[in-house]
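# pasting a predicted model and its sequence here:
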There are 2 protein chains.
Amino acid sequence: MNEGGAAIKPVTVYDIAREANVSVATVSRVINNTAPVKKSTRERIMELIAKHQFQPNALARSLYKKETGMIGVILPDITNPFFPEVLAGLDQEARSKGYTFFLCDTVSTNGDSAEQYVRESQYLSILMEKQVDGIVMIGGRINLAKPSKELIGEVVEASKRVPLLLINGNLPGEGMTRVYADELEGAELATQHLIELGHERIAFVGGYKHMSNTVQRIKGFVRTMERSGLQARKEWIMDGGFSVESGKAFMNRMLALPERPTAIFCANDLVAIGVMKAAHKAGIRVPEELSLIGFDDIPYASNSIPELTTVSLRCYDVGRHAAELLHQMITKSKVSKNTKIRPELIVRESTARPPARTETASESTIEIMLKNND
Amino acid sequence: MNEGGAAIKPVTVYDIAREANVSVATVSRVINNTAPVKKSTRERIMELIAKHQFQPNALARSLYKKETGMIGVILPDITNPFFPEVLAGLDQEARSKGYTFFLCDTVSTNGDSAEQYVRESQYLSILMEKQVDGIVMIGGRINLAKPSKELIGEVVEASKRVPLLLINGNLPGEGMTRVYADELEGAELATQHLIELGHERIAFVGGYKHMSNTVQRIKGFVRTMERSGLQARKEWIMDGGFSVESGKAFMNRMLALPERPTAIFCANDLVAIGVMKAAHKAGIRVPEELSLIGFDDIPYASNSIPELTTVSLRCYDVGRHAAELLHQMITKSKVSKNTKIRPELIVRESTARPPARTETASESTIEIMLKNND
DNA sequence: GTGAAAGCGCTAACAC
DNA sequence: GTGTTAGCGCTTTCAC
């Protein structure tokens, strides 16, 4: 019964022109307001347009004008709350300039990151074929600490053909235009906060050491610790994921250790939530017995109990700046290659002074922890 | 220094053809594998394509072929975790069929829903002008219990021109194709669960009564209560939002009531989280003193402490089915107009048997509640 | 197996 | 003010 598709045959400028007894040029002129047209004919044409609900074919227009008003966004996983936030910023700013977005999610069905990179490559091609005015990449290969030559090459090549902007990542030495949150400063902020609270035994968990953001965060952590004469212990620096699940795993690994930290700096909020859950399960109270600080300030960070202290990467602002910059690139104005956004410490409820340290108390705590750790 | 834009002048089939000493037709043939070409010339052409990194202009191709491989998705707010989930499903299925997505976020900067509808209209036009192969709408006007004639008309009109699919909403009487989660059954599932746990005093909070999803959920709630001989009290049915903030407000209103329920059915998970936070602040333990059930099963539902019992609307599946269906509409096959997805009860930790009811205990609880409620 | 040419729907010189 | 026409880059008959 239902034919699904559209039935109406499309109206073109020619149809309008014919019916109005003018040439297509005149129709085009009134559509685009690109030259004066006699009032009476203009009105006649307007009426026809309304009558037929004429909508100019943007494909044809773009083909001629060589601009599409489309921007492609390549990201790793729209399901990760981090990305919608930057998308929202991007959108808000770009929308006002008349752009629409291609959403290119490179999430791999099997969790294989190689697959993710081939998808990035595919989307890069597709976007260029579709003649987008610009591309923004976020996450994925541009976050690799040591991206391969091929992975780099593709992006560099693309950036020669279309304005391309990197968010929160980099291809070192390639001079790409990028806007990014200062990971290093963020990590320092977080670590400093814990130190000021009186913590000395601090762990860092989460992320992947092969990713530059993790490297940066760890670097900021270690540096700040040392600056305060504190030691960043090897066995208290764990990587292996950005997810809630990995957070739980980290905490459970922590519980098995002979000694435990009084505070944990988590590579992102998702990990922090996982840690919090595992801690809760083990009967460890946050923040009384264990302080937790996250990273990113995703919307959910303020929804947990206790609410998560974290470092805001100001994704929304990053997104807005990115859109602004990309627009400049598209309109061929000079742009500054590096736009750094300063992160912000958001103190909520998951951090507090460390518990008073009596040897017996500490030991009994460990005992309890071990018992609860299934 | 940086010119931002692309510098390379684009290569066309003509360039390739000239250099290969063939006609553009032949080039086109090897690109699309649309007719046999002598092996030697094919190889020559392939080499040239690789050498120049030639990428066919999809605009031109689409202009001729009248298909773009683009699908537009109009949604209210990408920042709401509900939507990325259905997007992911949509994407996974559509990607395999070669579609790419336009993301059209209609979020209004000032929270004005009239503005949101304007944006929906704009996007509807833009998408049609850009010649998308199909459009899916989710949220916004299609969730209105009583949408205006104009609001309806635009969508119906659009659906005559391009395959258009509604997710989790409807324009009653217009015979639109849609895929949706069964709100009614979901609400029944939730209510039934609470009743089976032994609850008799159950509240429903959240949503907007002018939205059909809320109407459905309340209907399912009331119906199930009555079916069990229980009363759905007027003062325990509150609407006014789908956000965490509104959830807090609901709980605080609840605390001010002379009598309180032992369980609350929240219109969605975000509201449930808000309720949980306010309850926690008031010193009410979930689920020991108050059972909470959410709706949607957003990713965060399993991250709260306690983890949220909820009803999964199976967004991901909804998204997948939607993509499947839209593809059928695009390829002109007959499609069933209504695809209903059955929701699923997800029992986690926020629901339990109601507290033993002794008059004194109940009263002292209320006293505490009032004290803590700032 | 290959080429010539028309045409997708629009815009913008360039004439008048 | 308005019309004619040449593209934009591609695909596809229809000849050969």
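Nice, I can see it. Residues are numbered from 1 along each chain as shown, chains lettered A, B, ... in the order given.
# every contact and neighbour count from this point should use C-alpha atoms.
Noted.
# is whichever helix or strand residue A:155 is part of in proximity to chain B?
Applying DSSP states H and E as the criterion places residue A:155 in helix A:149-161. Yes: among the residues of helix A:149-161, A:159, A:160, A:161 lie within reach of chain B under C-alpha under 8 Å from any C-alpha of the partner chain.
# let's have the residues you listed in JSON lines, adding distance to residue B:243 and pLDDT.
Conversion of the residues of helix A:149-161 next to chain B to JSON lines gives the following (distance: C-alpha to C-alpha, whole Å; pLDDT from 0 to 100):
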{"residue": "A:159", "distance to residue B:243": "40", "pLDDT": "96"}
{"residue": "A:160", "distance to residue B:243": "44", "pLDDT": "95"}
{"residue": "A:161", "distance to residue B:243": "43", "pLDDT": "95"}
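# closest to DNA strand C out of those residues?
Lowest distance from DNA strand C to the residues of helix A:149-161 next to chain B (C-alpha to the nearest atom of the strand) belongs to residue A:161, with 21.7 Å.
# where does the residue nearest the centre of chain A sit: helix, strand or coil?
The central residue of chain A, meaning the one whose C-alpha is nearest the mean C-alpha position (C-alpha atoms, centre = their mean), is residue A:83 at 3.8 Å. Under DSSP: H, G, I helix; E, B strand; the rest coil, residue A:83 falls in the helix class.
# weed out the non-buried ones from the residues of helix A:149-161 next to chain B.
A:159, A:161 (16 or more other C-alpha atoms under 10 Å in any protein chain shown).
# quick revisit: which strands or helices does the helix holding residue A:155 pack on?
Applying 3 or more C-alpha pairs under 8 Å, 6 or more residues apart in numbering or on different chains; DSSP states H and E, one finds that helix A:149-161 makes contact with helix A:113-129.
# what angle do helix A:149-161 and the helix it packs on make with each other?
Calculated by axes from the mean of the first three to the mean of the last three C-alpha atoms, to 10 degrees, helix A:113-129 forms an angle of 20 degrees with helix A:149-161.
# okay, helix A:113-129 in CSV with CA atoms only?
Coordinates of each C-alpha in helix A:113-129 appear next as CSV, following Å, rounded to 0.1, in the frame of the first residue of the first chain:
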residue,chain,number,x,y,z
SER,A,113,40.9,0.3,16.9
ALA,A,114,42.4,-0.6,13.5
GLU,A,115,38.9,-0.8,12.2
GLN,A,116,38.2,2.6,13.6
TYR,A,117,41.1,4.1,11.7
VAL,A,118,40.0,2.6,8.4
ARG,A,119,36.6,4.2,9.0
GLU,A,120,38.3,7.5,9.6
SER,A,121,40.0,7.1,6.3
GLN,A,122,36.7,6.2,4.6
TYR,A,123,34.9,9.2,6.1
LEU,A,124,37.7,11.5,5.1
SER,A,125,37.3,10.4,1.5
ILE,A,126,33.5,10.5,1.6
LEU,A,127,33.5,14.0,3.1
MET,A,128,35.8,15.3,0.4
GLU,A,129,33.7,13.7,-2.3
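# wait, is residue A:264 part of a helix?
No: remark: residue A:264 does not belong to a helix; assigned using three-state DSSP, it is strand.
# buried stuff in the helix or strand where residue A:319 lies?
Secondary-structure assignment from DSSP H and E places residue A:319 in helix A:315-330. Taking 16+ other C-alpha under 10 Å as the neighbour-count basis, helix A:315-330 is seen to contain the buried residues A:315-323, A:325-330.
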